[in-house]
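Peer 1: the following comprises the amino acid sequence and a computationally predicted model.
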Amino acid sequence: MTFTDTLWTDTSDLQNVIATMPFNTELADGTLPPETFRRYIIQDAHYLEGFARALALSAARAPDADAVAQLAGSAKGAIVVERLLHADYMNRFDVSAEDFAAAPPSRACDHYVSFLIRSAAVEPFPVAVVSLLPCFWIYHKIGVMIHARAKPDNPFSAWIDTYASPDFEDAVTAMLDLTNRLAAQADEETRKAMTAAFTRASWHEWMFWESAYRGEAWDIPA
């Protein structure tokens, strides 16, 4: 087994929860309420900006030119997707610029982005990379799973097609390869830290979708 195979096996219970959570099952069935998806894409646009910053920070710390190019390219790709969200998905679900400006990052979004940027800025480079991996890997697995069962008239087909696409699969494969290469070069303490970071980032993936589904907001003290 590769290191990433072990990561998935070690988090299999959590990954199964993510695959079967209401947000993703209803997305696959096309029954997710439009308002729920609307909440989600607003938060996803906020998230992708922070994700791109974490990728760029990690790229700046990469030890070789190939890793710099890979992570910097992924950062650019995240910004491109974020702009497409504004140009396409936001229009599809009637999210105006004013609506977006009035919706700050949710608790789940803010927490996830803070975790990624902190990891990218202060953790060892292999830990920073594996913290970013779930956003690639889990999204692709969910996209492929949903694509296999979604009907052609699914209202969320554009989102599904994005994450099930061969281009996105190539990006996922590159991140898996980089993670495995770094793990092979790391000592046992670093590999343990990588495993903990992957588990935490996977939890954040679950919480991000769960938060959008439940419509969680910032609590205001009485």
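Peer 2: Received the coordinates, thanks. Numbering: from 1, shown residues only.
Peer 1: quick check, residue 205 in contact with residue 134.
Peer 2: Yes. Counting by CB atoms under 8 Å, residue 205 touches residue 134, with 5.1 Å between them. C-beta coordinates here come from the backbone N, C-alpha and C atoms, glycine included.
Peer 1: what about the two, which has more around it?
Peer 2: residue 134 (27 against 20; other CB atoms under 10 Å).
Peer 1: just give me the neighbour total for the closest residue to that one other than its chain neighbours.
Peer 2: Counting by CB to CB, 6 or more residues apart in numbering, residue 201 is the residue found nearest to residue 134 once chain neighbours are left out, at 4.4 Å. Counted with other CB under 10 Å, residues neighbouring residue 201 total 22.
Peer 1: just give me the residue closest to the centre of the chain.
Peer 2: residue 135 (2.6 Å; CA atoms, centre = their mean).
Peer 1: how about stretch 136-152: buried residues?
Peer 2: 136-147, 150 (16 or more other CB atoms under 10 Å).
Peer 1: repeat for stretch 183-198
Peer 2: Quick answer for stretch 183-198 (16+ other CB under 10 Å): 183, 186, 190, 191, 193, 194, 195, 197, 198.
Peer 1: how far off centre is the helix or strand harbouring the third one?
Peer 2: When elements are defined using DSSP states H and E, residue 190 is found to belong to helix 188-214. Taking CA atoms, centre = their mean, to the nearest Å, one finds the center of helix 188-214 at 10 Å from the center of the full chain.
Peer 1: and residue 63, its phi and psi?
Peer 2: Phi and psi for residue 63, reported as degrees, to the nearest 10, are phi -80, psi -10.
Peer 1: for it, give me its contacts.
Peer 2: residue 125 (CB atoms under 8 Å, 6 or more residues apart in numbering).
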